[in-house]
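Student: Okay, predicted coordinates and the sequence, questions at the end:
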Amino acid sequence: MAPTSVAEAVRPQQAVAELLFQPYRLGPFTLPNRIVMAPLTRSRARQPGNVPSSLNACYYAQRASGAFIISEATQVSMQGQGYAWTPGIHSREQVEGWRLVTDAVHAAGGRIFLQLWHVGRISHPALQPDHMLPVAPSAITPAGDAFIENDRGEGQLVPFVRPRTLQIEEMPYIVQQYAHGARNAMAANFDGVEVHGANGYLIDQFISSGTNHRTDAYGGAVGNRARLLMEVVEAVSEIWGPDRVGVRLSPLGSFNDMSDAEPEVTFGTIAQLLNGLRFAYLHIVNPGLAAIEKGKAPDAGAEQMLALIREKYSGTLIVAGGFDRDTAEAWLEQSKADLIAFGRKFLANPDLPDRLRMRTGLNADDQSTYYGGGAKGYTDYPSLAQERGEQPKACVDDRWR
Ligand code: PHB
């Protein structure tokens, strides 16, 4: 009898081939598993200038063992910034800073996309060039507070202001801001880019009827409300090639005071429009996330929205929000998603794929260190190797401002 191969010899231990740990082909990449690191705002860019540092490089490199990393949301311009200390991709220093990050991730064997971000009305004059008003599709003040830096250099919440309506003549300039960020991301050696069209930021403000009351070519019917999204995806795809471009949306999301009168029409139409563009992937925030966070089962509306998007969009679908190992695996098996993105679990577990595969315990995330600060609650979550007593891999300095 022929000797059994090593693979055959170990097979009995893995009677069921788990999809989470199977490779996946995404454009030019062969991803080692289906576990994506979701974009997470951490507000730890070096000051002045919102520049990524070696500390940020360390954090991302520690998390390089997933399918790929989607960077924290990164402003494409000063106008696009909405929170203190978030990184940008519009200055030369920022490009150089991001190179530290991409080099470290690549050296660790990973892949990383940059998330291109313009916050629109979710900002404040304190964060804007010349203390100007934030811009938006319509002059509607969001409920809630902006997170700015005060005179003492501390983070502080201040109420949002009424934004200025973008003139139609300014729209090409908005698209150019994303294109500039996309070109800079290429100079910084990213593997691709994700267009942030979710969570109540500028593109989502155009998409959703609650925040877009325009009567020109960028308002009214969903085809018009999706115009900015489509223009940005096309501009960015020309720079990167479509197979290195992703898009993130958050259908049914209410974060940042969002609403839409007919979400099924809006997001069903957009999924169909996007399907014609053939870029790398569509990434959605789980429409059932709000319910899951309250410990409830998602309602029928959330399920229907997911099914609608899966039906209209035939490319790779990533879903983020509220997953554990078993629900992630179930979604892959039922073909409800192709890849699963983990945010808070990846934040607290740098070696999350190993921990899920081995079904070990997970570190709990510490909310008090999500935003701002240094290494604490950022690069000091232990890996399994560290828990066994091994020294952490050299992970440089804690100087960030
Ligand atoms: C945040 O900084 O709170 C934030 C940023 C980007 C998101 C969601 C939340 O998509």
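Tutor: Thanks, I have it.
Student: distance between stretch 359-367 and the chain's centre?
Tutor: Chain-centre distance of stretch 359-367: 21 Å, with C-alpha atoms, centre = their mean, to the nearest Å.
Student: Get me the contact residues on this protein for the ligand.
Tutor: Counting by C-beta under 6 Å from any ligand atom, the chain comes close to the ligand at 41, 73, 83, 198-199. For the C-beta atoms, the positions are set from N, CA and C on the backbone; glycine is no exception.
Student: Highest neighbour count among those residues?
Tutor: Ala198 (27 neighbours; other C-beta atoms under 10 Å).
Student: now, the most widely separated pair of the residues of the chain next to the ligand?
Tutor: Farthest apart among the residues of the chain next to the ligand by C-beta to C-beta are Tyr83 and Ala198. That separation is 15.4 Å.
Student: could you pull out the strands for this structure?
Tutor: Ranges of strands in the chain, per DSSP state E, are 24-26, 29-31, 35-37, 69-75, 112-117, 135-136, 145-149, 155-159, 164-165, 192-196, 245-249, 281-285, 316-320, 339-342.
Student: In a markdown table: those, plus distance to Leu273 and mean pLDDT.
Tutor: As requested, those are exported to a markdown table (distance: least, C-beta to C-beta, whole Å; pLDDT from 0 to 100):
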| stretch | distance to Leu273 | mean pLDDT |
| --- | --- | --- |
| strand 24-26 | 21 | 98 |
| strand 29-31 | 25 | 98 |
| strand 35-37 | 24 | 99 |
| strand 69-75 | 22 | 99 |
| strand 112-117 | 19 | 99 |
| strand 135-136 | 22 | 99 |
| strand 145-149 | 32 | 98 |
| strand 155-159 | 35 | 97 |
| strand 164-165 | 24 | 98 |
| strand 192-196 | 13 | 99 |
| strand 245-249 | 11 | 98 |
| strand 281-285 | 11 | 98 |
| strand 316-320 | 15 | 98 |
| strand 339-342 | 22 | 98 |
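Student: Select, out of the ones you listed, the one closest to Phe206.
Tutor: Closest approach to Phe206 among those (C-beta to C-beta): strand 135-136, 8.9 Å.
Student: neighbouring contacts of the closest one?
Tutor: For strand 135-136, contacts defined as C-beta atoms under 8 Å, 6 or more residues apart in numbering pick out 79, 120-121, 163-166, 170, 202, 205, 211.
Student: chain center to that strand: distance?
Tutor: Centroid separation for strand 135-136 versus its chain: 21 Å, with C-alpha atoms, centre = their mean.
Student: what does stretch 368-381 give?
Tutor: Averaging C-alpha positions (C-alpha atoms, centre = their mean) puts stretch 368-381 19 Å from its chain's average.
Student: And the contacts of it?
Tutor: Residues from elsewhere that reach stretch 368-381, judged by C-beta under 8 Å, 6+ apart: 41-44, 55, 58-59, 62, 83-85, 147, 155, 347-350, 363, 366, 395, 398-400.
Student: Filter the residues you listed down to just the ones in helices.
Tutor: Among the contacts of stretch 368-381, the members found in helices (DSSP state H) are 55, 58-59, 62, 347-348.
Student: For these, could you give me CSV that also reports neighbour count and pLDDT?
Tutor: CSV is the format used below for the ones in helices among the contacts of stretch 368-381 (neighbours: other C-beta atoms under 10 Å; pLDDT from 0 to 100):
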residue, neighbour count, pLDDT
Leu55, 21, 95
Cys58, 24, 96
Tyr59, 25, 97
Gln62, 24, 97
Leu347, 23, 98
Ala348, 16, 98
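Student: out of these, which one sits closest to the ligand?
Tutor: When the ones in helices among the contacts of stretch 368-381 are compared for distance to the ligand (C-beta to the nearest ligand atom), Leu347 wins out at 12.9 Å.
Student: mind checking how far the residue of the stretch 301-401 of the chain found nearest the ligand is from Tyr83?
Tutor: Per C-beta to the nearest ligand atom, Tyr371 is where the stretch 301-401 of the chain lies closest to the ligand, at 7.2 Å. Noted for Tyr371: a distance of 8 Å to Tyr83, by C-beta to C-beta, to the nearest Å.
Student: before we move on, what about Gly343?
Tutor: According to C-beta to C-beta, Gly343 and Tyr83 sit 16 Å apart.
Student: which residues touch the closest residue to Gly361 other than its chain neighbours?
Tutor: Leaving aside its chain neighbours, Gly361 sits nearest to Arg355 (7.6 Å; criterion: C-beta to C-beta, 6 or more residues apart in numbering). Shown in contact with Arg355 (C-beta under 8 Å, 6+ apart): 349, 361-362, 384.
Student: Distance to Phe113 and pLDDT for the residues you listed - can I get that in CSV?
Tutor: What follows is those, written out as CSV (distance: C-beta to C-beta, whole Å; pLDDT from 0 to 100):
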residue, distance to Phe113, pLDDT
Asn349, 20, 98
Gly361, 29, 96
Leu362, 24, 98
Leu384, 26, 97
